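Asks: heads up, no residue letters with this:
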């Protein structure tokens, strides 16, 4: 595995970003846009996937990173569960459900594989450079 130097390079983060864009798009229409509780919860859960991957990547240890990835994976499960509610309430079509569910499942699988990789290679590979360079 090549060295990852920025969280934006992590495939699971990219997939979570795609899911978040879709969730926000779905929640802006029809009855869904007026169900403030569910709308807020599914948006927060999708953003949580991205946020925990990036926060974990920027953390100080590999153990912390793995912990944050676990939280991100749990949030992906939360999104999948909420999608069932959305479908049951007919806020989204079956096609929309299938698309969003598949992306959430993909993110979950990617995170699980990343966790497995990190656990099987404890500190043997650098996740990122010691001193990331940021231009301001």
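Replies: Looks like it came in fine. Just so you know, these numbers come straight off a predicted model, no measurement behind them.

Asks: identify the residues contacting residue 54.
Replies: Shown in contact with residue 54 (CB atoms under 8 Å, 6 or more residues apart in numbering): 7, 13. Heads up, the C-betas are built off the backbone N, CA and C, glycines and all.

Asks: residue 65 versus that one, what's the distance?
Replies: From residue 54 across to residue 65, the span is 11 Å (CB to CB, to the nearest Å).

Asks: just residue 99 next, same as before
Replies: Applying CB to CB, the value for residue 99 to residue 65 is 29 Å.

Asks: correct me, but residue 71 touches residue 48?
Replies: Yes. If you go by CB atoms under 8 Å, residue 71 and residue 48 touch, sitting 7.4 Å apart.

Asks: give me the common contacts of these two.
Replies: With CB under 8 Å, 6+ apart as the test, residue 71 and residue 48 reach no residue in common.

Asks: ok, and the closest non-adjacent residue to residue 110?
Replies: Excluding the flanking residues, the one nearest residue 110 by CB to CB, 6 or more residues apart in numbering is residue 12, at 3.8 Å.
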